[in-house]
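> I would like to see how this sequence folds:
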Amino acid sequence: MRRTLILTLTAALAVLASCENTIRYEYDRNDGRITMLSQMYTSETEHTIYLSLSYPDRVDSLPGATVTCWVNGEKFIAEEQPVPQEEEYNYPGPFDETRAYEAVVRRRHPLFTEYCFSAPLRPGDEIRVEASKGSLKAWAEVTVPQPATLVQVDTHRVVRTLNYTDIDGTDSYDEEYMEMVVKIRDVPGEDNYFVLAGSHLDEGEFRRFDESGAVDSTAHYRVEDREIAYQTFHDPILEDGYSAGGLNSLLEDILVSNQMRCFSDKEFRDGEAVVRPFFAAERFSWPDYRYMWVCPDMDEGDLQSSFCLHLRSISRDFYNYLRALNNMETYGYDVIPIIEPTVLPNNVTGGFGLVSAGADQTVTFDLGTHHVVHDPSDLIFY
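Alright, predicted model coming up:
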(Lines give C-alpha, C1' and ligand atoms only; values in the text may rest on other atoms or scores of the structure.)
Protein backbone atom coordinates (compact mmCIF):
# COMPACT_ATOMS: atom_id res chain seq x y z
CA MET A 1 0.00 0.00 0.00
CA ARG A 2 2.70 2.54 0.90
CA ARG A 3 4.30 2.52 -2.55
CA THR A 4 0.86 2.77 -4.12
CA LEU A 5 0.23 5.90 -2.07
CA ILE A 6 3.47 7.60 -3.13
CA LEU A 7 2.98 6.77 -6.80
CA THR A 8 -0.60 8.03 -6.72
CA LEU A 9 0.46 11.18 -4.94
CA THR A 10 3.20 12.07 -7.38
CA ALA A 11 0.88 11.42 -10.33
CA ALA A 12 -1.68 13.90 -9.01
CA LEU A 13 0.43 16.88 -8.02
CA ALA A 14 -1.51 19.25 -10.27
CA VAL A 15 -4.57 18.97 -8.03
CA LEU A 16 -2.84 18.82 -4.66
CA ALA A 17 -4.57 20.99 -2.04
CA SER A 18 -6.23 21.07 1.37
CA CYS A 19 -8.98 22.97 3.09
CA GLU A 20 -6.49 24.21 5.70
CA ASN A 21 -3.43 24.63 3.48
CA THR A 22 -4.28 25.40 -0.12
CA ILE A 23 -1.37 25.49 -2.56
CA ARG A 24 -1.26 27.26 -5.89
CA TYR A 25 0.87 25.09 -8.11
CA GLU A 26 3.44 27.19 -9.97
CA TYR A 27 3.68 25.66 -13.41
CA ASP A 28 6.51 27.98 -14.45
CA ARG A 29 8.89 26.78 -11.73
CA ASN A 30 11.92 24.90 -13.05
CA ASP A 31 13.69 24.11 -9.77
CA GLY A 32 11.22 21.50 -8.57
CA ARG A 33 9.38 21.15 -5.27
CA ILE A 34 9.86 18.54 -2.56
CA THR A 35 7.10 15.95 -2.22
CA MET A 36 7.09 14.15 1.14
CA LEU A 37 5.00 11.17 2.16
CA SER A 38 5.10 9.05 5.30
CA GLN A 39 2.70 6.95 7.34
CA MET A 40 4.09 6.06 10.77
CA TYR A 41 2.46 3.77 13.36
CA THR A 42 2.94 3.10 17.06
CA SER A 43 3.28 -0.65 16.38
CA GLU A 44 6.50 -0.02 14.43
CA THR A 45 9.89 1.37 15.43
CA GLU A 46 11.28 1.68 11.88
CA HIS A 47 9.72 4.56 9.95
CA THR A 48 10.14 5.56 6.29
CA ILE A 49 9.88 8.97 4.64
CA TYR A 50 9.44 8.93 0.86
CA LEU A 51 10.86 11.96 -0.95
CA SER A 52 10.43 13.03 -4.58
CA LEU A 53 11.37 16.12 -6.57
CA SER A 54 8.28 17.24 -8.47
CA TYR A 55 8.31 19.35 -11.62
CA PRO A 56 5.31 20.44 -13.73
CA ASP A 57 6.12 17.76 -16.31
CA ARG A 58 7.82 14.96 -14.35
CA VAL A 59 8.70 13.44 -10.98
CA ASP A 60 12.22 12.39 -10.00
CA SER A 61 13.74 10.71 -6.97
CA LEU A 62 15.49 12.90 -4.40
CA PRO A 63 18.80 11.37 -3.26
CA GLY A 64 21.29 13.30 -1.17
CA ALA A 65 18.71 15.16 0.93
CA THR A 66 19.02 15.87 4.64
CA VAL A 67 16.04 14.46 6.54
CA THR A 68 15.68 15.23 10.24
CA CYS A 69 12.89 14.06 12.53
CA TRP A 70 11.95 15.22 16.01
CA VAL A 71 9.78 13.18 18.39
CA ASN A 72 8.80 15.31 21.38
CA GLY A 73 11.91 17.42 20.73
CA GLU A 74 14.30 14.44 20.49
CA LYS A 75 16.28 14.53 17.26
CA PHE A 76 16.63 11.61 14.83
CA ILE A 77 18.46 11.55 11.50
CA ALA A 78 16.77 9.58 8.71
CA GLU A 79 19.32 7.68 6.63
CA GLU A 80 19.01 7.39 2.86
CA GLN A 81 18.23 3.86 1.70
CA PRO A 82 19.59 2.08 -1.39
CA VAL A 83 17.36 2.03 -4.44
CA PRO A 84 14.94 -0.90 -4.00
CA GLN A 85 15.93 -3.86 -6.14
CA GLU A 86 13.55 -6.17 -7.88
CA GLU A 87 13.57 -9.78 -6.64
CA GLU A 88 15.97 -11.77 -8.76
CA TYR A 89 15.05 -15.05 -10.43
CA ASN A 90 16.78 -17.74 -8.41
CA TYR A 91 14.98 -20.84 -9.61
CA PRO A 92 15.03 -22.77 -12.91
CA GLY A 93 12.37 -22.09 -15.47
CA PRO A 94 11.47 -19.95 -18.48
CA PHE A 95 13.04 -16.46 -18.48
CA ASP A 96 10.50 -13.64 -18.52
CA GLU A 97 12.15 -10.98 -20.71
CA THR A 98 9.35 -8.42 -20.22
CA ARG A 99 9.52 -8.52 -16.44
CA ALA A 100 13.32 -8.44 -16.46
CA TYR A 101 13.31 -5.32 -18.67
CA GLU A 102 10.76 -3.56 -16.48
CA ALA A 103 12.84 -4.34 -13.40
CA VAL A 104 15.88 -2.67 -14.94
CA VAL A 105 13.84 0.43 -15.81
CA ARG A 106 12.56 0.75 -12.24
CA ARG A 107 16.05 0.42 -10.81
CA ARG A 108 17.42 3.13 -13.10
CA HIS A 109 14.53 5.58 -12.80
CA PRO A 110 12.98 5.40 -9.31
CA LEU A 111 10.19 7.89 -8.61
CA PHE A 112 11.17 8.41 -4.97
CA THR A 113 13.99 7.98 -2.48
CA GLU A 114 13.47 6.30 0.89
CA TYR A 115 14.83 7.72 4.17
CA CYS A 116 14.47 5.69 7.38
CA PHE A 117 14.85 6.37 11.08
CA SER A 118 14.22 4.34 14.24
CA ALA A 119 12.16 5.61 17.15
CA PRO A 120 9.34 4.34 19.37
CA LEU A 121 6.08 6.23 18.95
CA ARG A 122 3.29 6.61 21.49
CA PRO A 123 -0.15 8.25 21.44
CA GLY A 124 0.14 11.99 22.01
CA ASP A 125 3.70 12.26 20.63
CA GLU A 126 4.49 15.43 18.69
CA ILE A 127 6.41 14.68 15.48
CA ARG A 128 8.15 17.07 13.11
CA VAL A 129 9.82 15.96 9.85
CA GLU A 130 12.12 18.26 7.87
CA ALA A 131 13.68 17.58 4.46
CA SER A 132 16.11 19.85 2.65
CA LYS A 133 18.47 19.86 -0.28
CA GLY A 134 20.20 23.01 -1.49
CA SER A 135 17.70 25.86 -1.45
CA LEU A 136 14.72 23.51 -1.15
CA LYS A 137 13.16 22.82 2.24
CA ALA A 138 9.89 21.26 3.33
CA TRP A 139 8.52 20.24 6.70
CA ALA A 140 5.43 18.82 8.41
CA GLU A 141 4.19 18.48 11.98
CA VAL A 142 1.74 15.83 13.24
CA THR A 143 0.46 14.46 16.54
CA VAL A 144 -0.11 10.75 17.16
CA PRO A 145 -3.86 10.37 17.92
CA GLN A 146 -5.29 8.48 20.89
CA PRO A 147 -6.21 4.91 19.93
CA ALA A 148 -9.62 3.34 19.89
CA THR A 149 -9.90 0.05 21.78
CA LEU A 150 -10.16 -3.38 20.24
CA VAL A 151 -12.56 -4.79 22.82
CA GLN A 152 -13.01 -8.25 21.34
CA VAL A 153 -12.26 -10.23 18.17
CA ASP A 154 -14.00 -13.52 17.36
CA THR A 155 -13.48 -15.64 14.25
CA HIS A 156 -15.82 -17.91 12.31
CA ARG A 157 -15.06 -19.93 9.19
CA VAL A 158 -18.03 -19.52 6.87
CA VAL A 159 -19.05 -20.32 3.31
CA ARG A 160 -20.86 -17.63 1.35
CA THR A 161 -22.64 -17.94 -1.95
CA LEU A 162 -21.53 -15.22 -4.36
CA ASN A 163 -23.45 -14.07 -7.38
CA TYR A 164 -21.48 -13.39 -10.53
CA THR A 165 -22.86 -11.17 -13.27
CA ASP A 166 -21.34 -10.58 -16.70
CA ILE A 167 -22.51 -10.13 -20.27
CA ASP A 168 -23.50 -13.80 -20.43
CA GLY A 169 -25.87 -13.57 -17.50
CA THR A 170 -25.84 -14.39 -13.79
CA ASP A 171 -24.21 -17.34 -12.07
CA SER A 172 -23.17 -18.20 -8.51
CA TYR A 173 -20.46 -20.09 -6.66
CA ASP A 174 -19.41 -20.79 -3.06
CA GLU A 175 -16.38 -19.16 -1.43
CA GLU A 176 -14.89 -19.87 2.00
CA TYR A 177 -14.02 -16.96 4.31
CA MET A 178 -12.78 -16.29 7.79
CA GLU A 179 -15.35 -13.91 9.26
CA MET A 180 -13.99 -11.69 12.03
CA VAL A 181 -16.44 -10.15 14.47
CA VAL A 182 -14.59 -7.08 15.75
CA LYS A 183 -15.88 -4.98 18.64
CA ILE A 184 -14.50 -1.40 18.75
CA ARG A 185 -14.79 1.18 21.54
CA ASP A 186 -14.53 4.77 20.32
CA VAL A 187 -12.40 7.52 21.88
CA PRO A 188 -15.03 9.83 23.48
CA GLY A 189 -15.36 13.55 22.99
CA GLU A 190 -13.86 13.89 19.49
CA ASP A 191 -14.24 12.86 15.86
CA ASN A 192 -12.18 9.76 15.12
CA TYR A 193 -10.97 8.06 11.96
CA PHE A 194 -9.68 4.55 11.39
CA VAL A 195 -8.17 2.00 9.03
CA LEU A 196 -8.88 -1.71 9.55
CA ALA A 197 -6.34 -3.97 7.85
CA GLY A 198 -4.77 -7.41 8.02
CA SER A 199 -1.20 -8.65 7.61
CA HIS A 200 0.30 -12.13 7.23
CA LEU A 201 3.83 -13.06 8.33
CA ASP A 202 5.89 -16.17 7.48
CA GLU A 203 9.33 -16.45 9.07
CA GLY A 204 11.82 -19.26 9.69
CA GLU A 205 15.14 -20.91 8.96
CA PHE A 206 15.96 -23.22 6.06
CA ARG A 207 18.83 -25.70 5.94
CA ARG A 208 20.88 -27.45 3.25
CA PHE A 209 22.61 -30.75 4.00
CA ASP A 210 25.82 -32.20 2.61
CA GLU A 211 26.26 -35.81 1.54
CA SER A 212 26.87 -36.96 5.10
CA GLY A 213 23.62 -35.41 6.31
CA ALA A 214 25.25 -32.56 8.21
CA VAL A 215 23.99 -29.00 7.85
CA ASP A 216 26.01 -27.37 5.08
CA SER A 217 24.39 -23.89 5.11
CA THR A 218 21.34 -22.06 6.40
CA ALA A 219 19.12 -19.23 5.13
CA HIS A 220 16.65 -17.09 7.04
CA TYR A 221 13.33 -16.44 5.32
CA ARG A 222 10.89 -13.67 6.19
CA VAL A 223 8.02 -12.32 4.15
CA GLU A 224 5.14 -10.12 5.31
CA ASP A 225 2.01 -9.41 3.29
CA ARG A 226 0.58 -6.07 4.40
CA GLU A 227 -2.75 -4.36 3.82
CA ILE A 228 -4.55 -7.59 2.98
CA ALA A 229 -7.89 -6.91 1.34
CA TYR A 230 -11.16 -8.23 2.71
CA GLN A 231 -14.82 -8.26 1.79
CA THR A 232 -17.32 -6.13 3.72
CA PHE A 233 -20.58 -7.59 2.37
CA HIS A 234 -22.33 -4.26 2.90
CA ASP A 235 -21.17 -3.65 6.45
CA PRO A 236 -22.39 -0.03 6.84
CA ILE A 237 -19.46 1.07 9.02
CA LEU A 238 -16.66 -0.52 6.98
CA GLU A 239 -18.12 0.74 3.69
CA ASP A 240 -18.25 4.26 5.21
CA GLY A 241 -20.92 5.59 2.88
CA TYR A 242 -19.57 3.97 -0.27
CA SER A 243 -21.54 1.50 -2.34
CA ALA A 244 -19.65 -1.73 -2.82
CA GLY A 245 -21.87 -3.01 -5.60
CA GLY A 246 -22.26 -6.72 -6.17
CA LEU A 247 -19.15 -8.82 -5.60
CA ASN A 248 -17.67 -9.92 -8.94
CA SER A 249 -20.32 -7.99 -10.84
CA LEU A 250 -20.20 -5.35 -13.51
CA LEU A 251 -21.15 -2.76 -10.87
CA GLU A 252 -17.66 -3.01 -9.38
CA ASP A 253 -16.31 -1.24 -12.44
CA ILE A 254 -18.50 1.86 -12.10
CA LEU A 255 -19.16 2.31 -8.34
CA VAL A 256 -16.75 3.87 -5.90
CA SER A 257 -15.73 1.37 -3.21
CA ASN A 258 -13.76 1.68 0.00
CA GLN A 259 -10.57 0.13 -1.31
CA MET A 260 -8.39 1.93 1.26
CA ARG A 261 -10.42 0.41 4.16
CA CYS A 262 -10.81 3.74 6.01
CA PHE A 263 -13.88 4.70 8.03
CA SER A 264 -15.04 7.21 10.63
CA ASP A 265 -16.91 6.92 13.93
CA LYS A 266 -19.99 8.79 12.67
CA GLU A 267 -22.15 5.66 13.15
CA PHE A 268 -20.96 4.96 16.73
CA ARG A 269 -19.50 8.21 18.11
CA ASP A 270 -18.55 7.97 21.81
CA GLY A 271 -19.84 4.39 21.90
CA GLU A 272 -19.09 0.91 20.63
CA ALA A 273 -19.51 -0.78 17.28
CA VAL A 274 -19.25 -4.28 15.84
CA VAL A 275 -17.81 -4.68 12.33
CA ARG A 276 -17.40 -7.85 10.28
CA PRO A 277 -14.55 -8.06 7.76
CA PHE A 278 -14.35 -11.29 5.74
CA PHE A 279 -10.81 -12.45 4.88
CA ALA A 280 -9.98 -15.24 2.42
CA ALA A 281 -9.93 -18.50 4.40
CA GLU A 282 -6.65 -19.56 2.79
CA ARG A 283 -4.89 -16.90 4.88
CA PHE A 284 -5.57 -19.12 7.90
CA SER A 285 -4.63 -22.46 6.36
CA TRP A 286 -1.40 -23.98 5.11
CA PRO A 287 -1.42 -24.25 1.28
CA ASP A 288 1.78 -26.17 0.45
CA TYR A 289 1.93 -24.78 -3.09
CA ARG A 290 2.55 -21.29 -1.72
CA TYR A 291 5.93 -22.39 -0.36
CA MET A 292 7.17 -24.46 -3.29
CA TRP A 293 9.70 -21.78 -4.24
CA VAL A 294 10.74 -20.66 -0.76
CA CYS A 295 14.56 -20.92 -0.55
CA PRO A 296 14.67 -23.43 -3.45
CA ASP A 297 18.41 -24.12 -3.00
CA MET A 298 17.74 -25.36 0.55
CA ASP A 299 16.50 -28.83 1.52
CA GLU A 300 14.10 -28.16 4.37
CA GLY A 301 12.99 -25.60 6.90
CA ASP A 302 10.49 -24.59 9.56
CA LEU A 303 8.16 -21.65 8.99
CA GLN A 304 6.16 -19.96 11.72
CA SER A 305 3.02 -18.24 10.42
CA SER A 306 0.81 -15.59 11.97
CA PHE A 307 -2.05 -13.33 10.95
CA CYS A 308 -2.46 -9.88 12.51
CA LEU A 309 -5.55 -7.66 12.56
CA HIS A 310 -4.75 -3.92 12.81
CA LEU A 311 -7.11 -1.20 13.99
CA ARG A 312 -5.32 2.06 13.20
CA SER A 313 -6.50 5.39 14.59
CA ILE A 314 -5.50 8.02 12.03
CA SER A 315 -5.74 11.78 11.53
CA ARG A 316 -8.56 13.51 9.69
CA ASP A 317 -6.11 14.64 6.97
CA PHE A 318 -4.98 11.07 6.32
CA TYR A 319 -8.58 9.86 6.32
CA ASN A 320 -9.51 12.49 3.69
CA TYR A 321 -6.42 11.55 1.71
CA LEU A 322 -7.44 7.88 1.66
CA ARG A 323 -10.97 8.79 0.58
CA ALA A 324 -9.52 10.81 -2.30
CA LEU A 325 -7.48 7.76 -3.30
CA ASN A 326 -10.64 5.66 -3.19
CA ASN A 327 -12.14 7.93 -5.86
CA MET A 328 -8.99 7.95 -7.97
CA GLU A 329 -8.42 4.18 -7.75
CA THR A 330 -12.02 3.27 -8.51
CA TYR A 331 -12.56 5.65 -11.40
CA GLY A 332 -9.21 4.80 -12.98
CA TYR A 333 -7.68 8.28 -12.61
CA ASP A 334 -4.63 7.27 -14.64
CA VAL A 335 -6.56 5.96 -17.66
CA ILE A 336 -9.82 7.96 -17.79
CA PRO A 337 -9.07 11.60 -18.61
CA ILE A 338 -12.59 13.03 -18.22
CA ILE A 339 -13.54 12.90 -14.52
CA GLU A 340 -14.13 15.37 -11.73
CA PRO A 341 -10.91 16.85 -10.26
CA THR A 342 -9.77 15.15 -7.06
CA VAL A 343 -8.57 17.22 -4.11
CA LEU A 344 -5.79 15.71 -2.02
CA PRO A 345 -5.04 16.97 1.50
CA ASN A 346 -1.59 18.49 2.03
CA ASN A 347 0.14 19.15 5.36
CA VAL A 348 3.68 19.78 4.06
CA THR A 349 4.89 23.37 4.26
CA GLY A 350 7.23 24.41 1.45
CA GLY A 351 6.32 21.43 -0.71
CA PHE A 352 3.68 18.80 -1.30
CA GLY A 353 2.59 15.67 0.47
CA LEU A 354 1.04 14.07 3.50
CA VAL A 355 2.83 13.03 6.69
CA SER A 356 0.76 11.12 9.24
CA ALA A 357 1.18 9.09 12.42
CA GLY A 358 -1.34 6.53 13.62
CA ALA A 359 -1.99 4.61 16.84
CA ASP A 360 -2.14 0.90 16.05
CA GLN A 361 -4.12 -1.63 18.11
CA THR A 362 -3.46 -5.22 17.02
CA VAL A 363 -4.61 -8.79 17.63
CA THR A 364 -2.28 -11.58 16.44
CA PHE A 365 -3.38 -15.12 15.56
CA ASP A 366 -0.63 -17.74 15.81
CA LEU A 367 -1.11 -20.11 12.87
CA GLY A 368 1.57 -22.55 14.00
CA THR A 369 4.94 -23.77 12.77
CA HIS A 370 5.12 -25.90 9.63
CA HIS A 371 7.90 -28.13 8.35
CA VAL A 372 8.70 -27.63 4.66
CA VAL A 373 10.62 -30.25 2.66
CA HIS A 374 11.70 -29.49 -0.89
CA ASP A 375 11.10 -32.28 -3.36
CA PRO A 376 13.38 -31.79 -6.40
CA SER A 377 10.59 -33.00 -8.68
CA ASP A 378 8.53 -29.95 -7.62
CA LEU A 379 11.08 -27.67 -9.32
CA ILE A 380 10.75 -29.27 -12.75
CA PHE A 381 8.91 -27.27 -15.43
CA TYR A 382 6.75 -29.12 -17.91
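> switch to C-alpha atoms for all contacts and neighbour counts from now on
Will do.
> list the buried ones in the longest strand seen in the chain?
Criterion DSSP state E: the longest strand present in the chain is strand 352-373. Of the residues in strand 352-373, 352-362, 367, 372-373 count as buried by neighbour count, 16 or more other CA atoms under 10 Å.
> just stretch 187-196 next, same as before
For stretch 187-196, burial by neighbour count (16+ other CA under 10 Å) applies to 187, 192, 193, 194, 195, 196.
> quick one: the helices in the stretch 51-200 of the chain?
Along the stretch 51-200 of the chain, the segments classed as helices by DSSP state H, counting those that start in this stretch run 97-108.
> so where's it shaky on pLDDT?
Along the stretch 51-200 of the chain, segments meeting pLDDT under 70 span 84-109, 166.
> hang on, residue 324 in a strand?
No - using DSSP: H, G, I helix; E, B strand; the rest coil, the assignment for residue 324 is helix, not a strand.
> measure it to residue 262 for me?
Plainly put, residue 324 is 11 Å away from residue 262 if you go by CA to CA, to the nearest Å.
> With residue 310 instead?
Residue 310 sits 12 Å away from residue 262, going by CA to CA.
> what touches both of the two?
Taking CA atoms under 8 Å, 6 or more residues apart in numbering as the criterion, residue 310 and residue 262 both touch 195, 196.
> So between these two, which is more surrounded?
residue 262 (25 against 21; other CA atoms under 10 Å).
> got the contact list for the more buried one?
Applying CA under 8 Å, 6+ apart to residue 262 gives the contacts 193, 194, 195, 196, 238, 240, 319, 322, 323.
> pretty sure residue 347 contacts residue 320?
No - using CA atoms under 8 Å, residue 347 is not in contact with residue 320, being 11.9 Å away.
> For stretch 164-171, which residues meet the burial criterion?
In terms of neighbour count (16+ other CA under 10 Å), stretch 164-171 has its buried residues at residue 165.
> Make residue 1 into 53 and carry on from there
That works, and once the first residue is 53, the last one we named lands at stretch 216-223.
> Could you tell me the end-to-end distance of it?
Per CA to CA, stretch 216-223 runs 5 Å from first to last residue.
> quick one: contacts of the helix or strand hosting residue 289?
Assigned by DSSP states H and E, residue 289 belongs to helix 288-291. With contact meaning CA under 8 Å, 6+ apart, helix 288-291 is reached by 284, 309, 310, 313, 314, 315, 316, 319, 327, 329.
> pLDDT (mean, whole number) over that helix?
Mean pLDDT, helix 288-291: 94.
> Going by neighbour count, list what's buried in that helix.
Those would be 289, 290, 291, for helix 288-291 by 16+ other CA under 10 Å.
> repeat for stretch 257-276
Neighbour counts over stretch 257-276 (16+ other CA under 10 Å) mark 257, 258, 259, 260, 270 as buried.
> now, the most widely separated pair of the residues you listed?
Using CA to CA, the pair of the buried residues of stretch 257-276 lying farthest apart is 257 and 260, separated by 10.4 Å.
> between those two, what contacts are shared?
residue 270.
> Right, I'll leave it there.
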